[in-house]
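Undergrad: Sharing a model that was predicted from the sequence below.
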Amino acid sequence: MDIDNLLKELNHKSYFGNKSIEIKGITNDSKKVKNGDIFVAIKGYTNDGHNFIENAFVNGAAAVLCDHIPENVNNKGNFIVVENPRQSMAAAANIIYGCPSESINLVGVTGTNGKTSTTYLLKGIYDYLGKKSGIIGTMGVLIEGEKIKVDNTTPEAADLQKYFAKMVEKDINHCFMEISSHALELNRVDNISIDVGIFTNLTRDHLDFHNTMENYYQAKKKLFHITKVNNIINVDDSYGERLYTELKEEGFKAISIGIENNADIKASNLVTTMKGTDFDLEIDGSVKKVHVNTPGKFSVLNSLGALGAAWSLGINIDDIIEALDKIKGVTGRFEMLENKLDCIIVLDFAHTPDGLQKVMETIDEFAQGRKIVMFGAGGERDLSRRGPMGEIAGKYCDLSILTSDNPRFEDPYDICLEIAEGVKKYNGKYEIIIERDKAIYYAIDNSKSKDVILLAGKSTEPYQDMGVEKVPYDEGTIAKNAIKDVERKRGLSM
């Protein structure tokens, strides 16, 4: 696309430079700039993109989109001056890549917990029915077998449009995307055509960014005002109940899902074992039997969200139920690790009080022996969650192993001591083992028959944030290696 055509469609204050240049892409990362790209200079919390304009030109930027032209680069290149670079980046990316989301059935999932599981359940449904689909979220971008690592749950607007364009190029016309509250506040999903929105739940998280729960809620709510087909709302959650009521009053479409409360799509008569959960599904005036392979109420609610979205997009309900019965689960989300130790070892992403509580409640339904949990809490993030997570561990578990989890610039031992105060409220037993790999090994090496061991918090997250650097980390591999070693020690394998 030549820049003149872009400028005709893009709302901007002024343009300085050559109007005959060709534009190939767009990015707000000066290190990722390629020849022909537009570099977007954004003022962030710690860095100002305007300071990297010179670097962007060196790397081949065809033009810069910014809110002012710094003196040191004046007359050194082509500049599009706009009021708000973040908003303009989203609009420009949509134009440059040809409005790709309009060719995709796009489902956006938001909530504190359950986003990843819900998107992968949707993909499982569509895979089973032979329909090509893509995923964007915490575990990366998945496009026809290719997995692309991302830094944020919801990538920047320019990257999103590029991924949508790649899906369209590969004839993928269904996409399931996690949408974070940060993304909604920072214009990352502006100028994107979203068909269905799913609300999983809202519990205390990210208050370092939003300051209050009301701000957090209002950020999430933005998604449900921009959907085209319908919204699926979990009304068992108090914020979901409020959201459903408000959307109806405001004239927006919404379908309620729930177990405890009355809902348009309701699950009842749940029977949970370690092999999954069976329930009766009440939908559209009929009752149907459903089985999902991940145990627990949280799993049923995630399944209802995925089911409601697929149904809203025209998938036959019986086909959805058949697919749910075949989906084996999501890697790192209540994933049971195979072992010969006569115990259950669960890998899960639970890293908030609500997430940990839901997982422990599920384990409580089938546990026969001791319950052991290994977890930590992030440094420099919502410090108030540490005590409550300790209380949940102390209440449900026979032993809590407190360890490091993205300590950033805090002392991980001090974080563990804060968690321990919560454990003590229930007179719970605990050990502090800062090195996470050693904590995992300790939990597995000290297992007894019928124990249930929960490794919580990291799951598939590929790094430990140690402040000065993000150290590569793979909890699943570490746990599986520990299992093999303990099995050898006990003479259970060669």
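TA: Cool, got the structure.

Undergrad: Could you list the low-pLDDT ranges of the stretch 151-300 of the chain?
TA: 204-210 (pLDDT under 70).

Undergrad: mind listing what the nearest residue to Ser180 once chain neighbours are set aside touches?
TA: The shortest distance from Ser180 to any non-neighbouring residue, by C-beta to C-beta, 6 or more residues apart in numbering, is to Thr153 (4.4 Å). All C-beta spots, glycine's among them, are computed from the backbone N, C-alpha and C. The contact partners of Thr153, by C-beta atoms under 8 Å, 6 or more residues apart in numbering, come to 115, 137-138, 178, 180, 182-183.

Undergrad: quick check, nearest of those residues to Glu361?
TA: Among those, Lys115 lies closest to Glu361 (C-beta to C-beta), at 19.5 Å.

Undergrad: Buried subset of the contacts of Thr153 as a PyMOL selection?
TA: Selection of buried members from the contacts of Thr153 for PyMOL, criterion 16 or more other C-beta atoms under 10 Å:
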select buried, resi 115+137+138+178+180+183
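
Undergrad: all helices of the stretch 351-494 of the chain, in order?
TA: 353-366, 386-396, 412-424, 436-445, 475-489 (DSSP state H, counting those that start in this stretch).

Undergrad: Tabulate those (CSV), appending mean pLDDT.
TA: As requested, the helices of the stretch 351-494 of the chain are exported to CSV (pLDDT from 0 to 100):
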stretch, mean pLDDT
helix 353-366, 92
helix 386-396, 97
helix 412-424, 97
helix 436-445, 98
helix 475-489, 97
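
Undergrad: and those, which is most packed in?
TA: helix 386-396 (a mean of 23; mean count of other C-beta atoms under 10 Å).

Undergrad: which helices and strands does that helix pack with?
TA: Packing contacts for helix 386-396, counted by 3 or more C-beta pairs under 8 Å, 6 or more residues apart in numbering; DSSP states H and E, involve helix 353-366, strand 371-375, strand 399-402, helix 412-424.

Undergrad: and if we set it to 10 Å?
TA: helix 353-366, strand 371-375, strand 399-402, helix 412-424, strand 430-432, strand 452-456 (3 or more C-beta pairs under 10 Å, 6 or more residues apart in numbering; DSSP states H and E).

Undergrad: OK, contacts around Ile42?
TA: Counting by C-beta atoms under 10 Å, 6 or more residues apart in numbering, Ile42 touches 28-29, 48-50, 52, 65-67, 84-86, 88-89, 156, 186-187.

Undergrad: redo that, cut-off 7 Å
TA: Neighbouring residues of Ile42 by C-beta atoms under 7 Å, 6 or more residues apart in numbering: 28, 49, 85-86.

Undergrad: Which two among the residues you listed are spaced furthest apart?
TA: Gly49 and Arg86 (10.2 Å).

Undergrad: Can you mark which positions in stretch 395-406 are buried?
TA: 396-397, 399-406.

Undergrad: the strands in the stretch 1-150 of the chain, which residues?
TA: 14-16, 25-27, 37-40, 63-66, 79-81, 105-110, 134-137, 140-143, 146-148 (DSSP state E, counting those that start in this stretch).

Undergrad: Grab the nearest non-local neighbour of Arg86.
TA: Nearest one to Arg86, counting by C-beta to C-beta, 6+ apart, is Asn187 at 4.5 Å.

Undergrad: secondary structure class for Ile198?
TA: strand (DSSP: H, G, I helix; E, B strand; the rest coil).

Undergrad: so it bridges to which residues?
TA: Val109, Ile232 (DSSP bridges).

Undergrad: ok, now which ones touch it?
TA: Shown in contact with Ile198 (C-beta under 7 Å, 6+ apart): 107, 109, 118, 232, 305, 309.

Undergrad: Equivalent analysis for Ile179, please.
TA: Contacts of Ile179 by C-beta under 7 Å, 6+ apart are 108-110, 154, 189, 223.

Undergrad: And for Leu106?
TA: With C-beta under 7 Å, 6+ apart, Leu106 has these contacts: 175, 177, 193-195.

Undergrad: In strands only, show me these.
TA: In strands, defined here by DSSP state E, the members of the contacts of Leu106 are 175, 177, 194-195.

Undergrad: With distance to Lys19 and neighbour count added, can I get these in a markdown table?
TA: A markdown table is the format used below for the ones in strands among the contacts of Leu106 (distance: C-beta to C-beta, whole Å; neighbours: other C-beta atoms under 10 Å):
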| residue | distance to Lys19 | neighbour count |
| --- | --- | --- |
| Cys175 | 34 | 30 |
| Met177 | 35 | 29 |
| Ile194 | 33 | 22 |
| Asp195 | 36 | 19 |
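
Undergrad: any idea which element Thr277 lies in?
TA: In the assignment (DSSP states H and E), Thr277 maps to strand 276-283.

Undergrad: Counting by contacts, list what that strand packs against.
TA: Packing contacts for strand 276-283, counted by 3 or more C-beta pairs under 7 Å, 6 or more residues apart in numbering; DSSP states H and E, involve strand 265-273, strand 286-292, helix 297-312.

Undergrad: just to revisit the earlier point, make a markdown table out of the buried residues of stretch 395-406 and add distance to Leu10.
TA: Below are those laid out as a markdown table (distance: C-beta to C-beta, whole Å):
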| residue | distance to Leu10 |
| --- | --- |
| Tyr396 | 54 |
| Cys397 | 55 |
| Leu399 | 59 |
| Ser400 | 54 |
| Ile401 | 54 |
| Leu402 | 51 |
| Thr403 | 49 |
| Ser404 | 46 |
| Asp405 | 42 |
| Asn406 | 38 |
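
Undergrad: for those residues, which one is nearest Ser493?
TA: Ile401 (24.1 Å).

Undergrad: Identify the bridge partners of that closest one.
TA: Beta-bridge partners, per DSSP bridges, of Ile401: Met374, Glu431.

Undergrad: I'd say it and Ile444 touch.
TA: No: between Ile401 and Ile444 there is no contact, the gap being 10.5 Å when judged by C-beta atoms under 7 Å.

Undergrad: how about the helices of the stretch 51-200 of the chain, start to end?
TA: Going by DSSP H, counting those that start in this stretch, the stretch 51-200 of the chain shows helices at 53-58, 85-96, 115-128, 157-169, 181-185.

Undergrad: Looking at the ones you listed, which is nearest to Asn262?
TA: Nearest of those (C-beta to C-beta): helix 115-128, 21.6 Å.

Undergrad: tilt between the closest one and strand 105-110?
TA: Per axes from the mean of the first three to the mean of the last three C-alpha atoms, to 10 degrees, the angle that helix 115-128 makes with strand 105-110 is 160 degrees.

Undergrad: so how far is helix 115-128 off the chain centroid?
TA: 13 Å (C-alpha atoms, centre = their mean, to the nearest Å).
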